[in-house]
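Undergrad: The amino acid sequence is not available; the structure is as follows:
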């Protein structure tokens, strides 16, 4: 397989969407959900006037890059959820190129714990939290939906004593398996494909780092076994187990950035163990299309089905 056939990463947050407009039907508040390396991790809480007691995390991410500049589009994309009474948490994460996917995924898991711990404050049911995102945001959403729970009941930190699991996932065209990209055993790793990944602005996301206690700096992982292991932790299709959240995916059959195979691949994993996963293949669609909020109404139905607020 030629590099270009599966390394064309332009994982845009919300392609072809219009800017959000001011809306008095919901409140907006920025909160800090965590801190790392001396920096604050933030989210924008959108709360509708009439809430249904359920919350949805919207991962603001494109190319595993996350920025406050995504908020206007994030608000626009949240409208179908807000109109249905969902409180929406526009969540940012440690960003490519400085931080890799594993760092970003850990941030989103911590965001789940923060929201669950503060559920009473946000007027939502802590046992029913959904998550959504597009492309790299879909990848991070699926990691949270499939990864092991961070919950540690012995921790001195009260946030760490609550679950990092979500109860439902709904995403657009997500990367799901870097070890099987486009076809079986096509392993995408930065050691082999660094120039192509750099050209596609995702080298920082896939150049995983580890702390070297001897040199006291973070260094890229170069050991092939260790690199493969961490690649698996950010490949949701490699993490599927019986306790995972049900998933709804919409993916275009003409996607030239993230192969449709990625969604079909994880669908097979879910089907093998009997967890609900619906794959809606959008005919003629590439990596993003106009009026995606119409499709998010299908996400609303999915969350309505699997999030049962008390």
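TA: Perfect, thanks for sending it. What you see is a predicted model, and the numbers here were worked out from it, not measured in a lab.

Undergrad: can you map out the strands along the stretch 101-250 of the chain?
TA: With DSSP state E, counting those that start in this stretch, the ranges of strands along the stretch 101-250 of the chain come out as 129-134, 168-172, 209-212, 217-220, 247-252.

Undergrad: Could you dump those strands into CSV with mean neighbour count added?
TA: All C-beta atoms are positioned from the backbone trio N, CA, C, and that covers glycine. Formatted as CSV, the entries for these read as follows, by neighbours: other C-beta atoms under 10 Å:
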stretch, mean neighbour count
strand 129-134, 28
strand 168-172, 28
strand 209-212, 13
strand 217-220, 11
strand 247-252, 24
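
Undergrad: how about a markdown table for those, with distance to residue 153 and mean pLDDT added?
TA: Putting those into a markdown table (distance: least, C-beta to C-beta, whole Å; pLDDT from 0 to 100) gives the following:
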| stretch | distance to residue 153 | mean pLDDT |
| --- | --- | --- |
| strand 129-134 | 19 | 98 |
| strand 168-172 | 24 | 98 |
| strand 209-212 | 27 | 89 |
| strand 217-220 | 30 | 90 |
| strand 247-252 | 27 | 98 |
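
Undergrad: Which one, of those, ends up nearest to residue 194?
TA: When the strands of the stretch 101-250 of the chain are ranked by proximity to residue 194, the top entry is strand 217-220, at 9.9 Å, counting by C-beta to C-beta.

Undergrad: what helices or strands is the closest one leaning on?
TA: In terms of contact count using 3 or more C-beta pairs under 8 Å, 6 or more residues apart in numbering; DSSP states H and E, strand 217-220 is assigned the packing partners strand 209-212.

Undergrad: one more time with 10 Å
TA: In terms of contact count using 3 or more C-beta pairs under 10 Å, 6 or more residues apart in numbering; DSSP states H and E, strand 217-220 is assigned the packing partners helix 190-199, strand 209-212.

Undergrad: So what touches that strand?
TA: 99, 100, 190, 191, 194, 207, 208, 209, 210, 211, 212, 227 (C-beta atoms under 10 Å, 6 or more residues apart in numbering).

Undergrad: Starting from that strand, tell me which strands it pairs with and how they run.
TA: Strand pairing for strand 217-220, using DSSP bridges, gives strand 209-212 (antiparallel).

Undergrad: Pull the distance from the partner strand to the chain's centre.
TA: Relative to the mean C-alpha coordinate of its chain, strand 209-212 is positioned 24 Å out (C-alpha atoms, centre = their mean, to the nearest Å).

Undergrad: the residue most distant from the middle of the chain, which is it?
TA: In terms of distance from the mean C-alpha position of the chain, residue 214 ranks first, at 33.6 Å (C-alpha atoms, centre = their mean).

Undergrad: For that residue, report the pLDDT, please.
TA: The per-residue pLDDT reported for residue 214 equals 90.

Undergrad: So for the top helix by length along the chain, mean pLDDT?
TA: Secondary structure assigned by DSSP state H gives helix 101-117 as the longest helix of the chain. Regarding helix 101-117, the rounded mean pLDDT is 98.

Undergrad: what residues are up against residue 123?
TA: Going by C-beta under 10 Å, 6+ apart, residue 123 touches 47, 51, 52, 53, 54, 55, 87.

Undergrad: could those residues go into JSON lines alongside neighbour count?
TA: Written out in JSON lines, the entries for the contacts of residue 123 read as follows (neighbours: other C-beta under 10 Å):
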{"residue": "47", "neighbour count": "18"}
{"residue": "51", "neighbour count": "17"}
{"residue": "52", "neighbour count": "19"}
{"residue": "53", "neighbour count": "17"}
{"residue": "54", "neighbour count": "24"}
{"residue": "55", "neighbour count": "30"}
{"residue": "87", "neighbour count": "25"}
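
Undergrad: when you check those against the strands, which ones overlap?
TA: Counting by DSSP state E, the part of the contacts of residue 123 found in strands is 47, 55, 87.

Undergrad: Distance check, the first one against residue 283.
TA: When distance is defined by C-beta to C-beta, to the nearest Å, residue 47 is 36 Å away from residue 283.

Undergrad: between the longest helix of the chain and strand 129-134, how big is the angle?
TA: Relative orientation of helix 101-117 with respect to strand 129-134: 150 degrees, computed using axes from the mean of the first three to the mean of the last three C-alpha atoms, to 10 degrees.

Undergrad: before we move on, back to that, adding distance to residue 115, write the contacts of strand 217-220 out as TSV.
TA: Shown next, in TSV, are the contacts of strand 217-220 (distance: C-beta to C-beta, whole Å):
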residue	distance to residue 115
99	21
100	24
190	32
191	37
194	36
207	30
208	27
209	28
210	29
211	28
212	34
227	32
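
Undergrad: what's the farthest-apart pair in those?
TA: In terms of C-beta to C-beta, the contacts of strand 217-220 reach their longest pairwise distance at 194 and 211, which sit 21.4 Å apart.
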